[in-house]
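**Q** quick one: sequence plus predicted model below, questions after.
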Amino acid sequence: MAFLFFAYFAVVSIVAGILTVALKNPVQCGLALLALLLHVSGLFVMLNAEFLWAVQVIVYAGAILVLYLFVLMLLNLKTDDRYFHAKAPYLLAPAAIGLAYLLFLLVRSPFGGSRGDASPAAILLNGDAHAIGIKMFSEYLLQFEIIGVFLTGAIVGAIVLAKTPKSIETRRDA
Amino acid sequence: MIPLSAYVAVSAVLFATGLLGVLIRRNFIIVLMSVEIMLNAATINLVAFSHYLEVM
């Protein structure tokens, strides 16, 4: 049963990824990306990462994708006839060689690495969202606040940039 | 029980798709979407290795 779910999520996410790259209409590309993100979130559920599932659905499907679709529809991009680079066929052979090297490194690499001090049993006791919240608001509170200040600055900067300055003539009239 | 290599294979295929999209598409917004595909592939890798760390 689990294998059926995995096969469904894996196959649909791969097909949606290929469609995102290959479709002509940019809005259709965005919708294919939406399908990809939702099925990848299904893979997260199968790996017991419920917090990441919620973040994936809310942040990616809810915020980032809506932003992309908003920009696409605002700019009203026309579909190009030449929507690939003219030299795309020449890139295929280097891309294949690079991917083969990547897979070679992936197979060779040892799977050891640094581990956190919280045991999986302690995380599963209260759920991973609870564990992340406790860590974020106790040990990493300063970094959290710094990110908050940065984001506020980014919002203020966006508002300043979005206000188109008046030309000198209209300012003189007023 | 799904083997770890299945997740890593899905992630590698998605990453390759995103890389291809970054290289060959001309529309800038779709290049950004391809970067998102690559980010998702990396996240699948992280979550899968974290989940299978106890088994190995």
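**A** Perfect, I can see it now. Worth saying up front: this structure is predicted, and the values here are computed from it rather than measured.
**Q** residue in chain A nearest to chain B?
**A** A:V21 (3.7 Å; CB to the nearest CB). (Glycine included, C-beta is placed from N, CA and C.)
**Q** what does the helix or strand that that residue is a member of rub up against?
**A** Element membership for A:V21 (DSSP states H and E) is helix A:2-22. Here helix A:2-22 makes contact (CB atoms under 8 Å, 6 or more residues apart in numbering or on different chains) with A:28-29, A:32-33, A:35-36, A:39-40, A:42-43, A:46, B:1-2, B:6, B:10, B:13-14, B:17-18, B:20-21, B:24-25, B:30, B:33-34, B:37.
**Q** do the same with stretch B:27-36
**A** A:20-21, A:26, A:29-30, A:33, A:37, A:60, A:64, A:68, A:71-72, A:77, A:80, A:83, B:17-22, B:25.
**Q** circling back to that earlier point, so which of the contacts of helix A:2-22 sit within helices?
**A** Of the contacts of helix A:2-22, the ones assigned to helices by DSSP state H are A:28-29, A:32-33, A:35-36, A:39-40, A:42-43, A:46, B:6, B:10, B:13-14, B:17-18, B:20-21, B:24, B:30, B:33-34, B:37.
**Q** filter these to the buried ones?
**A** A:29, A:32-33, A:35-36, A:39-40, A:42-43, A:46, B:10, B:13-14, B:17-18, B:20-21, B:24, B:30, B:33-34, B:37 (16 or more other CB atoms under 10 Å in any protein chain shown).
**Q** any stretches of chain B with poor pLDDT?
**A** The model of chain B has pLDDT under 70 over residues B:54-56.
**Q** nearest to chain A: which residue in it?
**A** B:G21 (3.7 Å).
**Q** now that residue: how far from B:M33?
**A** To B:M33, B:G21 is 7 Å away according to CB to CB, to the nearest Å.
**Q** hmm, the residue of chain B closest to chain A is touching B:I37, no?
**A** Yes: applying CB atoms under 8 Å, one finds B:G21 in contact with B:I37, separated by 6.7 Å.
**Q** count the residues that sit near residue 2.
**A** In the absence of a named chain, this looks at chain A. By other CB atoms under 10 Å in any protein chain shown, 9 other residues sit near A:A2.
**Q** you answered for a different chain; I wanted chain B.
**A** B:I2 - counted by other CB under 10 Å - has 16 other residues nearby.
**Q** please state the backbone phi and psi of it?
**A** phi -80, psi 130 (degrees, to the nearest 10).
**Q** name the nearest residue to it, sequence neighbours excluded.
**A** Take B:I2 and drop its neighbours on the chain: the residue closest to it by CB to CB, 6 or more residues apart in numbering or on different chains is A:F6, 5.0 Å away.
**Q** and the one you found, how many neighbours?
**A** Neighbours around A:F6, by other CB under 10 Å: 18.
**Q** just the one 10 residues further on next, same as before
**A** A:A16 has 22 neighbours, counted by other CB under 10 Å.
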